Each structure stands twice: as structure tokens, then as C-alpha cells.
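Enquirer: Sequence and predicted structure, then a few things I'm wondering about:
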Amino acid sequence: MSRFRRVLAVAATVAGGLALVRLADAVGKRELVRVAVDVAVEETLALRRYEDTRQARNRLLVDEQFLNARIVSLSRSEPYIVIDRARSRIGLAVQEKTLFEAPFRLRGPADADRQFGELPKATLSVLGKRTQTDWVRPDWLYRLQGLEPPADSAQRIVANAFGRGEVFLGGDLVIHGRVSDAVPPEALDHSYIELDDVPLRALVDAAKPGTLVLIH
């Protein structure tokens with residue numbers, strides 16, 4: 001009988017030890033989970049601080065570019081274009097003198113507003129211009145309408161399709177007048193700043209390749 005009691009005592013000791021091990025294991029796992037959560041939170045905060053710092057640095061670089069471009073524009077006697085996105089105004093200036101300013105309308109694809117808003121400040125320049133804005137209807141447009149494209153290219157031309165001139169900027173942006181009704185919306189593949197005839201003509205006359213464009 002005494003031997004049986006000893007066996008039970010040993011079994012109880014072993015069971016108690018296993019219970020303590022399981023308890024310690026459970027406590028350890030909970031602690032590991034808590035530490036993992038704390039580490040994840042700190043990592044998220046560190047990444048957020050890094051991203052905030054990176055964005056602040058980028059803003060400073062953009063502001064520096066804008067100021068440098070502004071200094072260059074003020075040191076020249078040549079006109080430059082100023083686009084005020086917040087006020088939807090565009091103008092022409094020489095050094096500190098504004099020659100004219102006019103309202104504009106942003107047109108184009110569905111995401112034109114987003115693309116225009118994402119353009120950085122003071123990084124565009126005039127790539128080219130034209131005073132005749134004739135447009136040639138492409139083959140696919142005729143076929144889309146169930147028509148056979150004419151063999152004579154002169155029959156495809158829409159005269160002055162984009163107003164009294166065009167100024168081509170970087171960033172896939174164009175300045176021109178109101179688009180002719182003969183140009184269907186699906187044929188327009190660019191965002192554009194639409195101007196009335198008088199300010200458009202003044203801008204086209206003054207602009208040339210390399211003319212600075214200040215955007216703010």
C-alpha cells in the first residue's frame with residue numbers, strides 16, 4: 001500500500017510540474033504576442049515618421065525649385081507664363097510685372113484634374129507652339145462611325161479645330177482654345193487649358209520653345 005502511495009505522489013508531482021510548465025508556456029506565449037504587437041506598432045510609427053519626413057523633404061525640394069525658377073524668371077527680360085491652379089488663372093509676366101491675366105478652364109480626360117493637381121511647381125517649359133490648329137480625322141474614327149475613310153486627305157481636315165493657336169507644355173499639357181464640335185470627345189487624348197481667343201492669341205504670340213512656366 002505504501003508503494004502505491006509513493007507512485008501516486010510521484011504521479012501528482014509530475015502532473016503538477018507539467019501544469020506549471022503549461023502555465024509558464026502560456027504566459028510566455030502571451031508575453032511574446034504582446035511584444036510582437038508592441039514591435040509592430042513601433043514599426044508602423046517609425047514608417048509613418050519616415051514617410052512624413054520624406055514628404056517634407058520633397059516639399060522643400062519642390063519649393064526650392066520654384067524659388068530658383070522664380071529667381072531665373074526675375075533675372076530675365078523675357079516673358080514667362082504663370083499658372084495659378086487655386087484661382088484657375090493664367091497670365092504672362094516679365095520680371096515682376098504682370099502683362100495680363102485671364103481665367104482658364106481645365107478640360108480633358110476624366111483624370112485631368114488629378115493629373116493637373118499632381119504637376120510639380122515650376123518644372124514645365126514650352127516645348128513648341130503652332131498658330132494653325134488644323135486637325136486630321138484618323139481612319140479609326142471613320143470606321144467607328146461606320147464610314148469608309150476618304151482617300152483625299154484634304155477631306156479629313158478640320159480647320160482651326162483647337163482655336164487660334166496651341167502652346168505645348170511638358171507633362172502632356174496643352175494650352176489652346178475651345179475644341180471644335182467636329183472633334184469628338186473620344187478623339188481627345190490630352191489634358192488642356194482652354195482659353196478665350198484674346199488671351200490665347202497673346203499667349204501664343206509671346207511663347208516660344210523654352211519659355212518658363214511657373215505653376216503654383
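Expert: Happy to help now that I have it.
Enquirer: What strand or helix carries the closest residue to Lys208 other than its chain neighbours?
Expert: Leaving aside its chain neighbours, Lys208 sits nearest to Val126 (6.5 Å; criterion: Cβ to Cβ, 6 or more residues apart in numbering). Using the backbone N, CA and C atoms, a C-beta is placed for each residue, glycine as well. If you go by DSSP states H and E, Val126 is part of strand 124-130.
Enquirer: residues in contact with that strand?
Expert: 81, 165-171, 173, 204, 207-213, 215 (Cβ atoms under 8 Å, 6 or more residues apart in numbering).
Enquirer: Now do the strands in this protein.
Expert: 79-84, 89-94, 97-103, 105-107, 124-130, 135-136, 157-158, 166-169, 173-176, 191-194, 212-215 (DSSP state E).
Enquirer: So which elements touch the second one?
Expert: For strand 89-94, the packing partners by 3 or more Cβ pairs under 8 Å, 6 or more residues apart in numbering; DSSP states H and E come out as strand 79-84, strand 97-103, helix 197-206.
Enquirer: That strand pairs with which strands?
Expert: strand 79-84 (antiparallel), strand 97-103 (antiparallel) (DSSP bridges).
Enquirer: ChimeraX command to pick out the buried ones of the contacts of strand 124-130?
Expert: Per 16 or more other Cβ atoms under 10 Å, the buried members of these correspond to this ChimeraX selection:
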select :81,165,166,167,168,169,171,173,204,207,211,212,213,215
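Enquirer: residues contacting Gly210?
Expert: 125-126.
Enquirer: where's it relative to Gly170, distance?
Expert: Separation of Gly210 from Gly170 (Cβ to Cβ, to the nearest Å): 11 Å.
Enquirer: And for Glu186?
Expert: Taken as Cβ to Cβ, the span from Glu186 to Gly170 is 25 Å.
Enquirer: Please tell me I have it right and Asp172 contacts Ser191.
Expert: Yes - if you go by Cβ atoms under 8 Å, Asp172 and Ser191 touch, sitting 6.6 Å apart.
Enquirer: which neighbours do the two share?
Expert: Gln115.
Enquirer: Quick check, Ile81 in contact with Ala202.
Expert: No - with contacts defined as Cβ under 8 Å, Ile81 does not count as touching Ala202, sitting 10.9 Å away.
Enquirer: where do the contact lists of those two overlap?
Expert: Leu92.
Enquirer: Tell me which of the strands paired with strand 89-94 lies nearest to Asp181.
Expert: The minimum distance between Asp181 and the strands paired with strand 89-94 falls on strand 97-103, with 22.0 Å, by Cβ to Cβ.
Enquirer: tell me the contacts of the closest residue to Arg137 other than its chain neighbours?
Expert: Spatial nearest neighbour of Arg137, chain neighbours left out: Arg156 (4.5 Å); criterion: Cβ to Cβ, 6+ apart. Residues near Arg156 by Cβ under 8 Å, 6+ apart: 136-137, 149-150.
Enquirer: now with 7 Å?
Expert: 136-137, 150 (Cβ atoms under 7 Å, 6 or more residues apart in numbering).
Enquirer: residues near Phe162, how many?
Expert: By the measure other Cβ atoms under 10 Å, the count of residues near Phe162 is 24.
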